[in-house]
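*Asks:* I need the structure of the sequence given here:
(chains A and B)
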Amino acid sequence: DVKVTQSSRYLVKRTGEKVFLECVQDMDHENMFWYRQDPGLGLRLIYFSYDVKMKEKGDIPEGYSVSREKKERFSLILESASTNQTSMYLCASSLGGVIRATEAFFGQGTRLTVV
Amino acid sequence: TQLLEQSPQFLSIQEGENLTVYCNSSSVFSSLQWYRQEPGEGPVLLVTVVTGGEVKKLKRLTFQFGDARKDSSLHITAAQPGDTGLYLCAGTRGGKLIFGQGTELSVKP
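*Replies:* Okay, here's the model as predicted:
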């Protein structure tokens, strides 16, 4: 059974803290994604990685960074958490493919609250 | 502005009714996908449409890709309470998977 695992379901952090969200996939997928989901806005892409140590900015990268040191792991870092980063964060992975979309598999999400 | 615009954003209907959800863009996509998300879970792929004019059926769900590959629709026949959820369309742009805002569907018994 394919799996994308996010390290926490719920997190509460204080403003200014450095926050790490971890995501691991067991499908040997090239692509990994980080999204945030807010009501009425759908899923907005924060960062995308198509290979180890490779990353590309998505639509809303400000305030975030990412790390992909191993193929199976993609980490999202909030350098200094702010209240407007309170959201549901979703990690996904998919097989490589630039032109046509392949199936993306999602983790269950991390609901982050910044107080 | 959203690259993929979905409508309607919210839909509340009675069991047995039919409905259509739309996904529109001013850009051409090589393929579009439809996902369904239930509360507390990540989205799950329903279908990928690739060819302009393509129609795919998944039980009571019918998916269509526009001839110009700029839009897609999802039609549900005789909706059931189990169809309740968030429906999302998605397309690839430069390898990045981009989503629409989603359509929140509620089917009441």
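
*Asks:* packing partners of the lengthiest strand in chain A?
*Replies:* If you go by DSSP state E, chain A has its longest strand at strand A:42-51. Here strand A:42-51 touches strand A:31-38, strand A:54-57, strand A:64-70, strand A:73-78, strand B:96-99, going by 3 or more Cβ pairs under 8 Å, 6 or more residues apart in numbering or on different chains; DSSP states H and E. C-beta coordinates here come from the backbone N, C-alpha and C atoms, glycine included.

*Asks:* let's see it at 6 Å
*Replies:* Applying 3 or more Cβ pairs under 6 Å, 6 or more residues apart in numbering or on different chains; DSSP states H and E, we find strand A:42-51 packed against strand A:31-38, strand A:54-57, strand A:64-70, strand B:96-99.

*Asks:* where among the ones you listed is average confidence lowest?
*Replies:* Lowest mean pLDDT of those: strand B:96-99, a mean of 87.

*Asks:* helices and strands around that strand, which ones?
*Replies:* With contacts defined as 3+ Cβ pairs under 6 Å, 6+ apart, the packing partners of strand B:96-99 are strand A:42-51, strand B:85-93.

*Asks:* which stretches of the chain have low pLDDT?
*Replies:* You didn't pick a chain, so chain A it is. Where chain A drops to pLDDT under 70, the residues are A:1-2, A:97-101.

*Asks:* the intended chain is chain B.
*Replies:* Looking along chain B with the criterion set at pLDDT under 70, you get B:1-2.

*Asks:* was I right to think A:Thr110 contacts A:Leu21?
*Replies:* Yes - counting by Cβ atoms under 6 Å, A:Leu21 is a contact partner of A:Thr110 at 5.5 Å.

*Asks:* overlap in contacts, those two.
*Replies:* By Cβ atoms under 6 Å, 6 or more residues apart in numbering or on different chains, A:Thr110 and A:Leu21 have these common neighbours: A:Tyr89.

*Asks:* in stretch A:54-71, which residues are buried?
*Replies:* Of all the residues in stretch A:54-71, those buried under the rule 16 or more other Cβ atoms under 10 Å in any protein chain shown are A:55, A:58, A:61, A:64, A:66-68, A:71.

*Asks:* which one of those is nearest A:Lys13?
*Replies:* A:Tyr64 (13.8 Å; Cβ to Cβ).

*Asks:* thought A:Ile46 was touching that closest one, still the case?
*Replies:* Yes - counting by Cβ under 6 Å, A:Ile46 is a contact partner of A:Tyr64 at 5.2 Å.
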